[in-house]
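Q: fold the following, please.
(2 chains)
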Amino acid sequence: MEVEAPFIARKAKAGQFIIFRVDEFGERIPLTIADFDREKGTVTIIFQLVGKSTKLLGAKEPGDMILDFVGPLGQPTEIEGYKKVCVVGGGVGCAIAYPSAKALFQSGADVDIIAGFRNKDIVILEDEMKAVSNRLFLTTDDGSYGAKGFVTDQLKNLIEAGNNYDLVIAIGPVIMMKMVAAVTKPFGIKTIVSLNPIMIDGTGMCGGCRVTVGGEIRFACVHGPDFDGHKVDFDELMRRNTVYKKQELAESDHVCRLGLEVKNNG
Amino acid sequence: MSLKKVPMPEQDPQVRNKNFTEVSLGYTPEMAMEEATRCLNCKNKPCVAGCPVNVLIPEFIMKTAAGQFEEAFDIIKTTNCLPAVCGRVCPQESQCEEKCIRAIKGEAVGIGRLERFVADYHMEHSSAVSVPPAPNGHKAAVIGAGPAGLTCASDLALLGYKVTIFEAFHKPGGVLVYGIPEFRLPKALVQKEIDNLTALGVEIMPNMVIGKILSVDELFEDGYEAVFIGSGAGLPTFMNIEGENLLGVYSANEYLTRANLMKAYDSEYDTPIRKSKAVAVVGGGNVAMDAARTAKRLGAETVYIVYRRSEIEMPARLEEVHHAKEEGIIFKNLNNPVRILAGDTGEVAAMECIEMDLGEPDASGRRRPIEKAGSNFILDVDTVIIAIGTSPNPLIRSTTSGLEANKWGCLVADDSMATSKPGVFAGGDAVTGAATVILAMGAGKIAAASMDAYIRSKSEQV
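A: Predicted coordinates for the structure are as follows:
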C-alpha cells in the first residue's frame, strides 16, 4: 500500500518505521517502511491482515484517507562500510528487508538475499528483491517454490561454501531471527535484527517496547528497531509479544468479527 | 467565619471507584460565593507570590464573592490560559494556599476550588469566542502541545504572532490527555481549552515528531523566528530489578496512556489493557495515585501503593492521597520492591518487598530510606506498575546541534528560558525533569515574553 505522506517520504531511511491509526477507535500500530518515493511524496507499507487495525487498513480503497500516520521513527539501518552482505527475509519481513537490501546494494556492497516463505502462494517482492541483489535465494517450507527448507539452511550452506559476509541482516518472525543469529554466531559474523515489539507512542515515552539487549533494557522505538542479533534476548521478546493474546482470544467473538465484516462488505 | 473550606461535593467513593467520571463535582454558585467571603483580601497578597503564573487571586475572589463570575473569569484569564485545568490539578497546598493568611489558623481559602468554579461557570454560560488579535507579521514555533507549549503559544498568539504547535501524538494536550485520568481532569474540558487556542489563530499540527520529520534548524529555515521546546519528560525510569520485563509489568506512562489517551477503559476502543485482580503500583507521586485509582476502576480487586518512604514524604497532592484511600487503595508505605516473581507463563505471579526505615535527610532534604535486613515479604499481585519517575526525551537534544543539556539529559535554559542555541527557548519538564503542570505553564509564560523580546530585538537590528 502506498500512502501519501510527503514530509515522511522526504526524511525516511531504510530500517525506520511509521505508526498508523485508521480511525478514532483504533490502536496505534507500528509498521516498518517498505519503500518511499521522495519525488512523489509517498511511503509504501506492506502488512499482514492479522488484527482488526490491519484488516481495516487493508479494506481501504485507493484515494481513501486514514486518520493518523506518524514517522519516520527509530534509527535507520547502518549501511555504510560493508562489502559483502547477506540479507535474510522471512515472510512479510521481506517487505522490511527489501529497503535495507536496496540501500546496501546502492551503496556498492555485494548483496545476497535469502527470502523464505511458507509456500508459493505468499511469495512477495520477488522481482524487486532480484533487482537489488547479486543473487536471490528463495526458499519455501513445503518446497512449492524455490528450494525446500528454511532460510537458515540456505544461509548455513552459503557461509560454509566460503561466502565471507561481513554483515548479515535478518528480518522476519522472531523465531527466524533467533535461529539466524544462532547460525552466524559461531562464524563471528555481525548480525543485525529488526525487532517489532508491542508499542504505543513510538517516541520512547511508554517503555512498552523494551527489549533486553546484552543484559540492558533498550527501547526498540528510539534505540532500535535494529539491534545486534547476538545480544538480543529473543525468548523474552517472544513472551512479551503474546501479552494480550489470551485476552484477545477471550474477546475475539466481539472484536474480530467486526473487523472482518467491515472488510467483506467494503 | 468558618475555619474550614466549604466542602467540595464529590461522588461517593464506593461508586466512583467503578467509573471514570469526575470525582469532584464542583461548587454551586452559592457555595462559591460563600467560600469567596472567607478571603481577607490581604494588602500584600502572599497567595499571588505562591502562584507560578501569578493569578490575581484576591481580585478574582472578590468578584466571585459578589457573584460577578464572568468578571472574575476575565481577571484569571489575564495571566492563566488554562484555569479549568489548574483549578483541578495544581498542588495548591504547596503554592497559593500554603501562603494564605487564613491557613495560620484553620484552612486556607479554597483558591483552587474557586478557580475551577469560575472557569467552569464561564465554559457553561459564556458563548464568547476568542478573537485573534491583529497579526504582527512574525512567526514562532512551539514543540509539544502540553501545558508549557499551550501556555507559550497562547501568550504569543495574544501578542499577534502566527504560532504553530508541533505535537508528536495524534491529539494535543500532552500529559493533560495521556497522563492525567478522565476522573480527575475530563478530556472534553481540555479540548475546550485547546479550542480556545485555535480560535486565537494558533495552528496545531499533530503527528509531527520534531527531531525526526523536521529538525529544529529546518523550522528556522521554514521562517519561524523563534522556537520553544516543551517536549516534556518522556522516558520512563525502571528500577533495574529482577522480573521487570515479565508480562504484566508496566511503566505508569504506558498504563496511563493506554487507559487515558487510547481509552482502553471504553470497550468501543481497540487498545487493550490488562485485566488485573491485584495490582502493585510502585511510587508515591501523583502519577502513582493516578495509576492506582485507574487500576481500581478497571476492575482490580486489590490495589497497593508501594512507597519506600512514609506518607509525610509523599510527593503526591494531599487530595489525591486522600481520594485514593477513600476509594480503597491500600498504602504499603516504608516498603520497597526487591524483585518481581514469575509464574509458569512468564507473567507476574508476585512481588517480593522489603521493609524500610528512615535515616538522615539525603540530598533531596527528605529522610533517606534504609532497608530493614531480613524483613522481606511477598505481595500477591498479578500486575506491577512502576511510577518512580521519568527522564527527558532525547529525540530533540540528539538531533539539534548547539543545544546544551545537563548530565540528566535536561535541556539547559537560563532564567528567561533561553537555551544555548540562539532563538531556541525551552521550558517545562524538558528542562526541570518531571514536575507539575503549573510550573510548566509558568515556564511557557516566561519563554513567550523572552521570545517576543528576542524577535523584536532581531527585527529592530535589520
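Q: return the residues of chain B in contact with chain A.
A: Within chain B, the positions adjacent to chain A are B:168-170, B:178, B:206-209, B:212-214, B:234-236, B:238, B:240, B:244-245, B:247-248, B:250-251, B:253-254, B:257-258, B:262, B:267-272, B:274-275, B:345-346, B:393-395 by CB under 8 Å from any CB of the partner chain. Any C-beta I mention is one placed from the backbone N, CA and C, and that applies to glycine too.
Q: among the residues you listed, which ones are buried?
A: Buried members of these, scored by 16 or more other CB atoms under 10 Å in any protein chain shown, are B:168-170, B:178, B:206-209, B:212-214, B:234-236, B:238, B:244-245, B:247-248, B:250-251, B:253-254, B:257-258, B:262, B:269-272, B:274, B:346, B:393-395.
Q: how far off centre is stretch B:309-321?
A: Stretch B:309-321 has its C-alpha centroid displaced from the chain centroid by 16 Å (CA atoms, centre = their mean, to the nearest Å).
Q: so which of the buried ones among the residues of chain B next to chain A sit within strands?
A: Using DSSP state E, the members of those that fall in strands are B:Leu235, B:Pro236, B:Tyr250, B:Ser251.
Q: can you lay out these as JSON lines showing pLDDT?
A: Output for those, formatted as JSON lines (pLDDT from 0 to 100):
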{"residue": "B:Leu235", "pLDDT": "85"}
{"residue": "B:Pro236", "pLDDT": "92"}
{"residue": "B:Tyr250", "pLDDT": "96"}
{"residue": "B:Ser251", "pLDDT": "96"}
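Q: those residues: which two are farthest apart?
A: Largest separation among those by CB to CB: B:Leu235 and B:Tyr250, giving 14.5 Å.
Q: among the residues of chain B next to chain A, which are in helices?
A: Counting by DSSP state H, the residues of chain B next to chain A place B:Tyr178, B:Asn253, B:Glu254, B:Thr257, B:Arg258, B:Pro394, B:Leu395 in helices.
Q: for B:Gly179, what are its contacts?
A: If you count contacts by CB atoms under 8 Å, 6 or more residues apart in numbering or on different chains, B:Gly179 has them with B:Asn253, B:Leu256, B:Thr257, B:Asn260, B:Val287, B:Asp290.
Q: residues contacting the fourth one?
A: Applying CB under 8 Å, 6+ apart, one finds that B:Asn260 lies in contact with B:Val177, B:Tyr178, B:Gly179, B:Ile180, B:Pro181, B:Glu182, B:Lys187, B:Thr294.
Q: again, but for the last one
A: By CB under 8 Å, 6+ apart, the contact list for B:Asp290 reads B:Gly179, B:Ile180, B:Pro181, B:Arg184, B:Ala252, B:Leu256, B:Glu320.
Q: could you flag which of these are buried?
A: B:Gly179, B:Ile180, B:Pro181, B:Arg184, B:Ala252, B:Leu256, B:Glu320.
Q: and the gap between the first one and B:Asp266?
A: Which is B:Gly179. Noted for B:Gly179: a distance of 17 Å to B:Asp266, by CB to CB, to the nearest Å.
Q: what segments of the stretch 51-200 of chain B are helices?
A: For the stretch 51-200 of chain B, the helices defined by DSSP state H, counting those that start in this stretch cover B:57-65, B:69-77, B:83-89, B:96-99, B:111-125, B:147-158, B:175-178, B:187-199.
Q: just chain A next, same as before
A: Ranges of helices within chain A are A:6-11, A:52-58, A:94-106, A:126-131, A:151-160, A:174-184, A:234-241, A:245-265, based on DSSP H.
Q: select, out of the ones you listed, the one closest to B:Val131.
A: Counting by CB to CB, B:Val131 lies closest to helix A:6-11 out of the helices of chain A; the figure is 31.3 Å.
Q: low-confidence regions, the stretch 51-200 of chain B specifically.
A: Judged against pLDDT under 70, the stretch 51-200 of chain B has no low-scoring part.
Q: quick check: chain neighbours aside, which residue is closest to the residue of it found nearest chain A?
A: Closest residue of the stretch 51-200 of chain B to chain A, CB to the nearest CB: B:His170 (4.4 Å). Once flanking residues are discounted, B:His170 sits nearest to A:Asp68: 4.4 Å by CB to CB, 6 or more residues apart in numbering or on different chains.
Q: rewinding a little: which of the contacts of B:Gly179 sits closest to A:Lys84?
A: Using CB to CB, the shortest approach to A:Lys84 within the contacts of B:Gly179 belongs to B:Asn253, at 42.5 Å.
Q: apart from its chain neighbours, what residue comes closest to the closest one?
A: B:Asn253 sits nearest to B:Pro236 (CB to CB, 6+ apart), 4.7 Å away.
Q: doesn't A:Gly207 make contact with the one you found?
A: Yes. Using CB atoms under 8 Å, B:Pro236 is in contact with A:Gly207, at 4.2 Å.
Q: what touches both of those two?
A: B:Ser251, B:Asn253, B:Glu254.
Q: for the second one, list the residues it contacts.
A: Spelled out, it's B:Asn253. B:Asn253 touches A:Met205, A:Cys206, A:Gly207, B:Tyr178, B:Gly179, B:Gly234, B:Pro236, B:Thr390, counting by CB under 8 Å, 6+ apart.
Q: okay if I get those residues as TSV plus distance to A:Cys221?
A: Compiled in TSV, the contacts of B:Asn253 are given as follows (distance: CB to CB, whole Å):
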residue	distance to A:Cys221
A:Met205	9
A:Cys206	9
A:Gly207	9
B:Tyr178	15
B:Gly179	18
B:Gly234	11
B:Pro236	12
B:Thr390	15
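Q: where does chain A have low pLDDT?
A: Across chain A, the ranges flagged by pLDDT under 70 are A:250-266.
Q: got the phi/psi numbers for B:Phe377?
A: phi -150, psi 170 (degrees, to the nearest 10).
Q: what about it, distance to B:Lys139?
A: B:Phe377 is 59 Å from B:Lys139, by CB to CB.
Q: buried set for stretch B:170-189?
A: For stretch B:170-189, the neighbour count (16+ other CB under 10 Å) marks B:170-187, B:189 as buried.
Q: just stretch B:287-294 next, same as before
A: Within stretch B:287-294, the residues that qualify as buried are B:Val287, B:Ala288, B:Met289, B:Asp290, B:Ala291, B:Ala292, B:Arg293, B:Thr294, counting by 16+ other CB under 10 Å.
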